[in-house]
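**Student:** structure, please.
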Amino acid sequence: QVQLVESGGALVQAGESLTLACVASGSISSINNVGWFRRAPGKQREPVAVITSGGRTVYADSVSGRFTISRDNAKNTVYLQMNSLNFEDTAVYYCNAKTNIMTTTGRYLEVWGQGTRVTVSS
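**Tutor:** The predicted structure is shown next:
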């Protein structure tokens, strides 16, 4: 199996930067894409950024140009560098990994971390 642990969430002021980290353990070799999602207060969870096993990245329009997702395979870690933070970025940020482990339901295993809270004060 795979476990994910996020860290780096904090209270920051608008305009500041923050870097989140997602450390994976377990069956690392089974991990394909890794993404960051967020859930703002009163809103549904939404995708923020994803990085494929080949290093291709995709961003939500709301963060494109401000956020950067990267992965350090030697450290089993995926980062989310967040610049120019604004109030709308306030949310709990979750790391998600899609694996090639087939489950009994016939779907590939998808793993979530516990989340890390980012609060941006205006």
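
**Student:** contact partners for the residue most central in space within the chain?
**Tutor:** Geometric centre of the chain, nearest residue: residue 36, 2.2 Å, by CA atoms, centre = their mean. Shown in contact with residue 36 (CB atoms under 8 Å, 6 or more residues apart in numbering): 20, 22, 47-50, 69, 78, 80, 93-96. Glycine gets a C-beta too; all of them are placed from N, C-alpha and C.

**Student:** can you pick the most crowded of these?
**Tutor:** Counting neighbours by other CB atoms under 10 Å, residue 78 comes out on top of those with 28 neighbours.

**Student:** now for it: which residues touch it?
**Tutor:** 21-22, 24, 34, 36, 51, 69-72, 95.

**Student:** so what strands line up beside the helix or strand harbouring it?
**Tutor:** Using DSSP states H and E, residue 78 sits in strand 77-82. The strands beside strand 77-82 in its sheet (DSSP bridges) come out as strand 18-26 (antiparallel), strand 67-72 (antiparallel).
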